[in-house]
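Enquirer: sequence isn't available, so here's the structure alone:
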């Protein structure tokens, strides 16, 4: 789902964008995915 959100942001180029900070992304097992999003 993140890929679709990022694509929409790139295409629409809004002045601002807010992405919810999901707590699970802070766990070590999600580190690779978190880095990918950033």
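Expert: Arrived safely. What you see is a predicted model; the values in this text were computed from it and never measured. Numbering: from 1, shown residues only.
Enquirer: from now on I want contacts and neighbour counts done on CA atoms only, so please keep to that.
Expert: Will do.
Enquirer: quick check: end-to-end length of stretch 6-21?
Expert: Taking Cα to Cα, to the nearest Å, stretch 6-21 runs 15 Å from one end to the other.
Enquirer: which helices and strands does the lowest-mean-pLDDT helix or strand in the chain pack with?
Expert: Confidence across the helices and strands of the chain bottoms out at helix 31-37, with a mean of 86, counting by mean pLDDT, DSSP states H and E. Packed against helix 31-37 by the contact rule (3 or more Cα pairs under 8 Å, 6 or more residues apart in numbering; DSSP states H and E) you find no helix or strand.
Enquirer: I'd like the numbering to begin with 562 instead of 1 from here.
Expert: Sure, I'll start numbering at 562, so the last one becomes helix 592-598.
Enquirer: how far does it sit from its chain's centre?
Expert: Using Cα atoms, centre = their mean, to the nearest Å, the distance from the centre of helix 592-598 to the centre of the chain it belongs to is 9 Å.
Enquirer: again with stretch 583-599
Expert: 9 Å.
Enquirer: ditto for stretch 564-583
Expert: That offset, for stretch 564-583, works out to 8 Å (Cα atoms, centre = their mean).
Enquirer: list the buried residues of the least confident helix or strand of the chain.
Expert: Neighbour counts using 16 or more other Cα atoms under 10 Å place no residue of helix 592-598 among the buried ones.
Enquirer: residues in contact with the helix ranked longest in the chain?
Expert: Taking residue count as the measure and DSSP state H as the definition, the longest helix of the chain comes out as helix 563-573. Applying Cα atoms under 8 Å, 6 or more residues apart in numbering, the contact partners of helix 563-573 are 578, 598.
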